[in-house]
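Student: how would this look folded up:
(one chain, ligands or ions: 2)
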Amino acid sequence: MTKQRFTLNFPPESSEKPLTYHLIKDYNLKINILKAEITAGKEGHLLIEVEGDEADLENGLKFLMDENIEVIPLNQQITLKEDECVHCGACTAVCFPGALKLDRETWKLIFKPEECVVCGLCVNACPLGIINIGFGTGVRGE
Ligand code: SF4
Ligand code: SF4
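Tutor: Numbers count the residues shown, from 1 in each chain. Ligands and ions are numbered 1, 2, ... in the order given. Sure thing, here's the model as predicted:
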């Protein structure tokens with residue numbers, strides 16, 4: 001048995017499909033939904049914990065990817081070159097868990113790694129390209 005966490009990014013056409021139901025029923029996986037942001041007809045995001053046999057997990061993840069779902073394992077992390085940030089706030093607009101926020105008094109960017117679900121949406125949102133996603137050792141501010 002294995003237990004792992006993943007962020008799932010859904011395209012609009014998949015946001016109404018009962019995908020977690022299929023993971024449970026067809027792949028014998030236990031699913032714990034830790035965070036969810038799903039709106040019919042729009043992009044959706046789920047943070048899930050999945051428990052099951054390794055082969056079932058592999059097949060379940062393949063099923064999701066075949067459904068055009070982006071699957072990001074939570075052993076990846078975000079790195080941010082804070083010294084190059086111009087505090088424009090563009091990344092905060094896509095950060096649904098609120099890990100990236102502008103401080104209302106200083107208007108400086110605040111990054112709370114403990115809130116980050118590694119959805120990767122901020123990577124493309126930053127006009128300066130100073131946010132990256134990857135495997136690492138825990139260094140989040142560079
Ligand atoms: S990857 Fe970026 S947008 Fe997604 S939760 Fe983490 S900080 Fe927010
Ligand atoms: S989008 Fe980039 S430059 Fe703008 S606040 Fe976020 S990290 Fe800083």
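
Student: From ligand 1, how far out is Phe10?
Tutor: To ligand 1, Phe10 is 14 Å away according to Cβ to the nearest ligand atom, to the nearest Å. The way it works is simple: take the backbone N, C-alpha and C, and place the C-beta from them, glycine included.

Student: ok, how many other residues are close to that residue?
Tutor: 22 (other Cβ atoms under 10 Å).

Student: I'd say it and Ile48 touch.
Tutor: No. With contact defined as Cβ atoms under 8 Å, Phe10 does not count as touching Ile48 (11.8 Å).

Student: what's around the closest residue in space to Lys112 that isn't next to it in sequence, how many residues?
Tutor: Leaving out its chain neighbours, the residue that sits closest to Lys112 by Cβ to Cβ, 6 or more residues apart in numbering is Ala99, at 5.1 Å. Each residue near Ala99 was counted by other Cβ under 10 Å, and the total is 20.

Student: okay, Ala99: pLDDT?
Tutor: Model confidence at Ala99, given as pLDDT, is 93.

Student: show me the contacts for it.
Tutor: Ile78, Phe111, Lys112, Pro113, Glu114, Glu115, Cys116, Val117 (Cβ atoms under 8 Å, 6 or more residues apart in numbering).

Student: Report whether the first one is found in a strand, as I expect.
Tutor: Yes. In this structure, Ile78 lies within a strand as judged by DSSP: H, G, I helix; E, B strand; the rest coil.
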